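**Student:** Next come a sequence and a model predicted from it.
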Amino acid sequence: MSAATEEQVSYWELIRNGILKENTIFRLALSLCPAIAVTNNLKNGFFMGVAVVVVQVMVNLTISAMRNFIHPRIRLPIFMLVISGWVTIVNLVMDAAVPDVYKDVGLYIQLIVAFASILARAEMFASKNTVVPSVFDGIGMGTGFFIALMIISFFREVVGKGQVWGIPIIDAKPLLILILPAGGFFAVGILMAAFNWMYAKYFSSGGQSH
Amino acid sequence: MTTKDILKIVLNLVVIYLIGGAILSIVHAKTSPVRFHNNEAAEQKALKLLIPDADRIDKMGDWIIHDRQGKYWKAVKGDETIGYIILSYGKGYSSYIKTLIAVDMDFRVIKIEILSHKETPGLGDEILVPAWKDQFKGKEYDRIKLVKGDTKEYIQSITGVTISARAVTDDAVKKGVKFLIDTVKEGGAPHVSSH
């Protein structure tokens, strides 16, 4: 939105935008379904985040490269095709390359097709910009999503199960509910509030053109 | 919409489908042998782990449980059969839990292994904990039974994961062992059972 229409926007600013100002989960409140579904342990959150970064970057790259070729009337179906294509590729590659991990997160990888955030960046940014800024926007948005998933899944695994990456660190399950879907809402809500409080306090003043 | 628009839309879609289809089929072709090999290797490895003494594990046949295809094998050491392994499914909370069960010649459980499940993530995973699965060791058919509270004789349930634990115990393992007893104990010809 703001960054998307500016000509002279630095690549660093694009990445920073995705991580802080337009953080998919904490600021835009998009793609909350996966943010809750996959984040009950750090490992799932990590690999989901990696897959999302890859898909977001590749989708932005593909769509920005062929944006002048697409007829505006069918741009959304085509975005969906591109997204599902890349998700399928990531899915197949992960299944072959890291079968142990895929066993846990495979189900969620396929869900990336339905991520609002990916389609939103394709529509709002990649379809209006050239390849290089689109790639950086993809890196920024993907990384923002990745970091948010890591924070949420770390919080939920520690508080819910007393573990980090499957390794027990405290010999108790302080709040088992946090690893259940209902607890996901609590965790996301609490962390979203904390993120926005910190954002308002440290990042929002200065450094912005408007 | 002019004819030109329609043509462009058709062209858009055709080109994208062709390119996308080509890329996907290449990726699929490259990865599917790897995935097939991974699955095969994982299966043989899982079977070997169940009965490490066995020299080889030979497939004996297929059986059907919950409309799914199970398999069973015999573990052979030298010329002697030292045990059986059966692939079984248990109907859990949100999935069918794929389970391997190894039994000795007296049909006592040697070990079980959960191959895959889609139970509640994070919670249903408790059935994968070795301490829980180890309870099956040495249990004969009559003692494969899920109970709540402390037990040495039967299988102890897991708080909050009762449905998944019951699916493994009373469904997958119990029916699997029953099938093996019915099928291979009498030395009769293996047959496909629907139970």
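**Tutor:** Now that the structure is in, tell me what you want to look at.
**Student:** Whether the longest helix along chain B contacts chain A - can you check?
**Tutor:** Longest helix in chain B, counting residues (DSSP state H): helix B:3-50. Yes. Shown here: helix B:3-50 in contact with chain A (Cβ under 8 Å from any Cβ of the partner chain) through B:5, B:8-9, B:12-13, B:16-17, B:20, B:23-24, B:27-28, B:30-32, B:34-35, B:38-39, B:42. All C-beta atoms are positioned from the backbone trio N, CA, C, and that covers glycine.
**Student:** and that helix, what other elements does it pack with?
**Tutor:** helix A:75-97, helix A:99-111, strand B:56-65, strand B:68-77, strand B:96-103, strand B:109-116 (3 or more Cβ pairs under 8 Å, 6 or more residues apart in numbering or on different chains; DSSP states H and E).
**Student:** which residues sit against stretch A:24-31?
**Tutor:** The contact list for stretch A:24-31 (Cβ atoms under 8 Å, 6 or more residues apart in numbering or on different chains) reads A:18, A:20-22, A:32, A:35, A:115-118, A:120, A:141, A:144-145, A:148-149, A:152, A:188, A:191-192, A:195-196, A:199.
**Student:** tell me which residues in that stretch are buried?
**Tutor:** A:24, A:25, A:26, A:27, A:28, A:30, A:31 (16 or more other Cβ atoms under 10 Å in any protein chain shown).
**Student:** Stretch B:134-148 too?
**Tutor:** So for stretch B:134-148, counting by 16+ other Cβ under 10 Å, buried means B:135, B:136, B:139, B:141, B:144, B:145, B:146.
**Student:** Let me see the backbone angles for the third one.
**Tutor:** Listed backbone geometry of residue B:139 is phi -80, psi 130, with angles given as degrees, to the nearest 10.
**Student:** Show me the shaky parts of the chain.
**Tutor:** Just so you know, I chose chain A. Along chain A, the model assigns pLDDT under 70 to residues A:1-9, A:204-210.
**Student:** Chain B is the one I meant
**Tutor:** Residues of chain B that meet the criterion pLDDT under 70 lie in B:186-195.
**Student:** Next to chain A in this structure, residues from it, please.
**Tutor:** Within chain B, the positions near chain A by Cβ under 8 Å from any Cβ are B:1, B:5, B:8-9, B:12-13, B:16-17, B:20, B:23-24, B:27-28, B:30-32, B:34-35, B:38-39, B:42, B:116, B:118, B:120-123, B:160.
**Student:** Show the buried residues in these.
**Tutor:** Here, 16+ other Cβ under 10 Å leaves B:8-9, B:12, B:16, B:20, B:24, B:27, B:31, B:35, B:38, B:120-123 buried among the residues of chain B next to chain A.
**Student:** which outside residues touch stretch B:127-147?
**Tutor:** B:97, B:101, B:106-114, B:117, B:119, B:126, B:153-158, B:161-162, B:164-166, B:168-170, B:173-174, B:177-178, B:181.
**Student:** With that, I have no additional questions.
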